[in-house]
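Undergrad: Okay, sequence plus prediction incoming.
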Amino acid sequence: MAAGARKRHAKKTSEDLTQVLPDRAAVEDDKDEQPIAARTLRGSHSREGSPSKSVSGERTQVEEVETRTLNAKLPYIPETTTSFEFLGPHLTVVVLIGTFLTAIGLQLLCSPTAGCPPKAFYADPVQFILHRIDDTTFFSPGAFAAVIGWMLFQSLLYGLLPGTYMQGVELPTGERLEYKINAFPCMVVTYLTVVVTVFQYGLSPLLWIADNMVQLGVAAGIYSTAQAIFLYIRSFRSSSDDDPVILSINGNSGYPHYDFYMGRELNPRLWGWFDLKYFCELRPGLVGWSLINVAAACKQYVRYGSVSPSMCLILLFEGYYVLDAQYFEPAILTTMDITTDGFGFMLSFGDLGWVPFTYTLQALHEAYKPTAHSPLSLLGIMALNATGLLLFRTINNQKNMFRTTPDHPSVRNLKYIQTKRGTKLLCDGWWGRARHVNYTADWIMALSWCMCAGFDSPIPYFYAFYFAILLIHRETRDEHKCREKYGSDWEEYCKRVPYRFIPGVW
């Protein structure tokens with residue numbers, strides 16, 4: 001889930017923006033390049049959002065996008081889900097309810113006047129929560145209207161702003177869907193609109209966001225749940241050439257509550273072009289995450305007369321993360337969220353509820369109670385974030401170079417395993433030190449965000465804790481999937497690269 005969220009930085013080069021993505025077999029041999037935090041709840045998961053795959057040396061094919069889908073169709077027989085996650089198939093409803101309550105509960109622990117959480121929580125947690133529940137208005141028509149308006153605004157930007165087009169991975173039918181790439185200009189226009197709004201109305205609209213987080217979270221939960229219900233019912237329509245129904249291998253079990261959570265239809269589209277899953281994956285939730293951080297900074301400014309250095313670092317670190325995901329939007333097309341998972345409650349709430357209302361806890365904490373870091377402490381946090389970012393880029397750039405330009409001097413002499421499937425498993429360089437060393441680099445960045453909020457509250461560290469669970473769960477899924485896929489080649493790979501996350505340790 002994102003709460004959602006995936007929610008979830010070595011991305012494709014500018015030349016890749018004109019390329020058609022590889023077929024499903026090739027994609028399954030690549031590790032995800034999209035920030036995991038941008039991919040929400042998957043693996044919990046998120047932003048965060050799609051476990052990484054093994055490292056492949058297959059070259060991407062360059063073609064021109066001429067039609068919305070390829071015409072070479074294959075007979076399509078939907079596969080039945082035989083393995084289950086998230087306490088499925090019978091107890092998935094516990095996860096469903098739990099993720100919603102967690103996102104809202106964390107907001108309840110942050111009092112707009114006393115802290116995140118205030119001292120009263122530690123004195124008597126149960127009594128504090130009961131008082132907060134009693135004093136809080138959970139549903140607000142204004143908040144619900146704001147969520148609807150935000151979704152409509154982002155939808156209009158997606159549809160009206162120009163962009164390039166790229167084909168996704170090969171579907172089970174042999175076709176490829178076409179995707180409009182314009183997330184970055186949509187984010188630019190969004191923030192230009194925010195600037196105009198502030199000039200017109202002052203900081204009041206942003207302060208309203210910071211003061212109504214619970215109500216907005218509930219509204220986002222209602223919207224994302226209604227969307228998931230609509231998509232689940234719609235997935236039972238009759239399939240046609242103009243409106244095909246392709247089911248996800250993860251959400252076609254026959255257990256209604258499990259399929260509702262995982263997502264039954266793989267790529268639900270409206271009007272043949274508006275891909276709901278693709279739209280929600282990067283746009284409303286991730287941009288909303290960054291906007292809530294800005295609102296929290298405005299709240300701090302009004303309360304204390306300035307924006308603290310720690311808040312500035314949060315805006316910089318997390319804002320860059322979101323901006324990076326928007327700019328390198330094509331990278332999302334090869335993640336499991338897009339290629340494999342259906343669009344159900346997990347991704348719907350993960351993208352729209354989990355990500356914007358749990359990833360913003362550091363900024364909300366600083367809005368209520370700024371942390372007084374020493375200059376040395378701030379330098380240490382910046383160094384930690386820079387280390388994680390540099391490692392993440394270096395590690396994934398090496399993989400991407402090996403996959404796209406294997407004759408490049410930097411990767412030409414790296415060792416690899418030639419698999420029986422005809423692909424290559426890179427087992428040298430960074431990828432010879434640990435099988436998921438990029439996960440470790442991503443988590444280092446996440447930890448630096450949390451450290452901006454100091455150490456007086458555990459709430460800002462929820463993200464680092466949750467993210468660690470997400471990564472471990474994804475790694476477990478990766479291992480299982482790759483062992484089934486590569487057989488003895490994967491066993492050989494694990495012998496050559498015995499460590500999972502931390503070279504020489506784990």
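TA: The structure has been received and is ready for your questions.

Undergrad: Which parts of the stretch 251-400 of the chain are helices?
TA: For the stretch 251-400 of the chain, the helices defined by DSSP state H, counting those that start in this stretch cover 256-262, 276-282, 284-304, 309-327, 336-339, 345-349, 355-358, 361-368, 375-404.

Undergrad: what's the fourth one in contact with?
TA: Spelled out, that is helix 309-327. Residues outside helix 309-327 that contact it (Cβ atoms under 8 Å, 6 or more residues apart in numbering): 9, 11, 34-35, 37-38, 47, 183-184, 186-187, 282, 286-287, 289-290, 293-294, 296-297, 300, 332, 359, 362-363, 366-367, 370-371, 373, 378, 381-382, 385, 445, 448-449, 452-454. For glycine as for every other residue, the C-beta is placed from the backbone atoms N, C-alpha and C.

Undergrad: let's see 6 Å
TA: 9, 35, 38, 183-184, 187, 282, 286, 290, 293, 297, 300, 362-363, 366, 371, 373, 378, 385, 449, 452 (Cβ atoms under 6 Å, 6 or more residues apart in numbering).

Undergrad: And for the third one?
TA: Outside of helix 284-304, the residues within contact range by Cβ under 6 Å, 6+ apart are 5, 38, 151, 154, 187, 190, 203, 206-207, 209-210, 307, 311, 315, 318-319, 322, 351-352, 355-356, 359-360, 363-364, 367.

Undergrad: Are any of the residues you listed buried, and if so which?
TA: Taking 16 or more other Cβ atoms under 10 Å as the criterion, what is buried in the contacts of helix 284-304 is 5, 38, 151, 154, 187, 190, 206-207, 209-210, 307, 311, 315, 318-319, 322, 351-352, 355-356, 359-360, 363-364, 367.

Undergrad: can you pull the pLDDT of the residue lying farthest from the centre of the chain?
TA: In terms of distance from the mean C-alpha position of the chain, residue 123 ranks first, at 35.7 Å (Cα atoms, centre = their mean). pLDDT for residue 123: 86.

Undergrad: Which phi and psi values does it adopt?
TA: Per-residue torsions, residue 123: phi -70, psi -40 (degrees, to the nearest 10).

Undergrad: which stretches of the stretch 101-250 of the chain form helices?
TA: For the stretch 101-250 of the chain, the helices defined by DSSP H, counting those that start in this stretch occupy 119-123, 125-135, 141-160, 183-201, 204-211, 213-234.

Undergrad: so what secondary structure elements neighbour the first one?
TA: When contacts are defined as 3 or more Cβ pairs under 6 Å, 6 or more residues apart in numbering; DSSP states H and E, helix 119-123 packs onto no helix or strand at all.

Undergrad: Give me the buried positions along that helix.
TA: If you call a residue buried by 16+ other Cβ under 10 Å, then helix 119-123 has these buried ones: residue 121.

Undergrad: what sits up against that helix?
TA: Here helix 119-123 makes contact (Cβ under 6 Å, 6+ apart) with residue 128.

Undergrad: mind checking how far it is from the chain centre?
TA: Helix 119-123 has its C-alpha centroid displaced from the chain centroid by 33 Å (Cα atoms, centre = their mean, to the nearest Å).

Undergrad: Run through who's touching stretch 425-445.
TA: By Cβ under 6 Å, 6+ apart, the residues outside stretch 425-445 that reach it are 36, 54-55, 385, 388-389, 391-392, 395-396, 398, 402, 414-417, 471, 475, 493, 496-497, 499-503.

Undergrad: Taking those, please make a ChimeraX selection of just the buried ones.
TA: Restricted to buried positions by 16+ other Cβ under 10 Å, the ChimeraX selection for the contacts of stretch 425-445 reads:
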select :36,54,55,385,388,389,391,392,395,396,398,402,414,416,417,471,475,493,497,499,500,501
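
Undergrad: Just give the number of residues close to the spatially closest residue to residue 378 that is not a sequence neighbour.
TA: The shortest distance from residue 378 to any non-neighbouring residue, by Cβ to Cβ, 6 or more residues apart in numbering, is to residue 309 (5.6 Å). Neighbourhood size, residue 309 [other Cβ atoms under 10 Å]: 18.

Undergrad: Pull up the gap between residue 309 and residue 479, please.
TA: Separation of residue 309 from residue 479 (Cβ to Cβ, to the nearest Å) stands at 41 Å.

Undergrad: and if you look at residue 490?
TA: Using Cβ to Cβ, residue 490 is found at 8 Å from residue 479.

Undergrad: can you list the weak-confidence ranges in the stretch 51-200 of the chain?
TA: For the stretch 51-200 of the chain, the stretches with pLDDT under 70 are 51-75.

Undergrad: Now distance to residue 170 too, for the helices of the stretch 101-250 of the chain, in TSV please.
TA: Converted to TSV, those look like this (distance: least, Cβ to Cβ, whole Å):
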stretch	distance to residue 170
helix 119-123	52
helix 125-135	49
helix 141-160	24
helix 183-201	23
helix 204-211	41
helix 213-234	23
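
Undergrad: closest one to residue 269 among those?
TA: Nearest of the helices of the stretch 101-250 of the chain to residue 269, taken as Cβ to Cβ: helix 213-234 at 10.5 Å.

Undergrad: Counting neighbours, which bits of the closest one end up buried?
TA: Buried residues in helix 213-234, counted by 16+ other Cβ under 10 Å: 213-225, 227-228, 231-232.

Undergrad: likewise stretch 160-175?
TA: For stretch 160-175, a neighbour-count test (16+ other Cβ under 10 Å) marks 166-173, 175 as buried.

Undergrad: For the protein, which helix or strand comes out least confident on mean pLDDT?
TA: Across the helices and strands of the chain, the lowest-confidence element by mean pLDDT, DSSP states H and E is helix 24-27, at a mean of 33.

Undergrad: For the stretch 351-500 of the chain, which segments count as strands?
TA: 416-418, 424-426 (DSSP state E, counting those that start in this stretch).

Undergrad: Of all those, which one is nearest residue 484?
TA: Closest among those, using Cβ to Cβ: strand 424-426, at 14.8 Å.

Undergrad: ok, that closest one: who's next to it in the sheet?
TA: Here strand 424-426 is paired, per DSSP bridges, with strand 416-418 (antiparallel).

Undergrad: quick one: the strand it pairs with to chain centroid distance?
TA: On the basis of Cα atoms, centre = their mean, strand 416-418 sits 31 Å off its chain's mean C-alpha point.

Undergrad: Please enumerate residues in contact with that strand?
TA: 424-427, 489, 492-493.

Undergrad: ok so, going back, compare residue 490 and residue 479 (neighbour count), which wins?
TA: Higher neighbour count among residue 490 and residue 479: residue 490, with 20 against 17, using other Cβ under 10 Å.

Undergrad: check contacts around that one.
TA: 482-483 are the contacts of residue 490 under Cβ under 6 Å, 6+ apart.
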